[in-house]
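>>> Next one to model:
(2 chains)
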Amino acid sequence: MSPVLIQIALLVSAALFAIGVVGVILRRNAIVIFLCVELMLNAVNLSFVAFSRLLGIDGQVAVFFVMAVAAAEAAVGLAIIIAIFRHYEDVDVERFDLLKW
Amino acid sequence: MTEFLFFLFSATAVLSAVLVITRRNPVSAVMFLIVTLFSLAGLFVLLEAHFLAAVQVIVYAGAIMVLFLFVVMLLNLGHAAAGDFRGAFARMLAGAFGLALAGFTAWMVMGGQAPVPGAGGARVADPILPLLEEHGAVGAVAVPLFHDYLVPFEVTSILLLVAIVGAIVLARKEAP
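Numbers count the residues shown, from 1 in each chain, chains lettered A, B, ... in the order given. This next block holds a predicted model:
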């Protein structure tokens, strides 16, 4: 594994993170926004694995904790989306303005 | 061969990630995110993280994405006709912000700002392959996980328990 390929992995990670940020800004569907957050978490995971190839196994251990936090976040977030859908019959984030000033 | 697979998985990951944020139908978006996650699992294998690749496929593509798909179908969002894209200002903001972020991180990587040992051509010892030969693919991760990171590992179990209880409380029928 040459350092050039690891740099390419880091570039792919940067691109995936930027795509996730663009998706969060661009979409209004709460579930698609959640998908983009998962995409950003996975971009960071790729960075961790690429750096662990150079700096030791600790990066791969960190990916485990990121995955556990992502699983917890997905469960609670989707439960919140279901609760909000029961109230508004919609998942458009622009309609969720109850806590907005 | 390694280089070819690396570029193939990288291109698949980025292209299907673009499709995730451009498809109107949430079911299509979930499916393309699964493609991205599988490509990332392939990249993990090429980066010698074999156990993480298996966990990526089983936990992420298997469990978490099924949860997403289940909620999309439970809420009957599969036929969004109008699309949910924001207006022209948000599109320009998103494009500018995304390009700035991608450009900045690419400059960090390519310009030598990120700490990449051996990027300048220097020889460095491989930190992963001796561990894989000594402990195997699972043991290489399990040994540090259960020695140096034992307390964070146990805290993670409490986090998951809290998440399960919270999800049940939030999503049940009567008001909590």
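
>>> Could you list the buried residues of the longest helix seen in chain A?
When chain A is scanned for its longest helix (criterion: DSSP state H), the result is helix A:58-88. Neighbour-count burial for helix A:58-88, counted by 16 or more other Cβ atoms under 10 Å in any protein chain shown, picks out A:59-65, A:67-68, A:70-82, A:84-85. From N, CA and C alone the C-beta is placed, and that goes for glycine too.

>>> What of stretch B:155-166?
Buried-residue list, stretch B:155-166, by 16+ other Cβ under 10 Å: B:156, B:159, B:163, B:166.

>>> wait, does that stretch make contact with chain A?
Yes: Stretch B:155-166 comes into contact with chain A (Cβ under 8 Å from any Cβ of the partner chain), by way of B:156, B:159, B:160, B:162, B:163, B:164, B:166.

>>> Might you report the residue contacts of the closest residue to the first one other than its chain neighbours?
Excluding its sequence neighbours, the residue lying closest to residue B:156 (Cβ to Cβ, 6 or more residues apart in numbering or on different chains) is residue A:68, at 4.6 Å. Contacts for residue A:68 (Cβ atoms under 8 Å, 6 or more residues apart in numbering or on different chains) come out as B:156, B:159, B:160.

>>> Could you do residue A:59 as well?
If you count contacts by Cβ under 8 Å, 6+ apart, residue A:59 has them with A:48, A:49, A:51, A:52, A:53.

>>> Counting neighbours, what do you get for the residue lying closest to it once chain neighbours are set aside?
Spatially, and ignoring its direct neighbours in sequence, residue A:59 is nearest to residue A:52 (2.8 Å; Cβ to Cβ, 6+ apart). Counted with other Cβ atoms under 10 Å in any protein chain shown, the neighbours of residue A:52 add up to 23.

>>> Surely residue A:52 is in a helix?
Yes: counting by DSSP: H, G, I helix; E, B strand; the rest coil, residue A:52 is part of a helix.

>>> so it makes contact with residue A:64?
No: when contacts are counted by Cβ atoms under 8 Å, residue A:52 is not listed as touching residue A:64 (11.6 Å).
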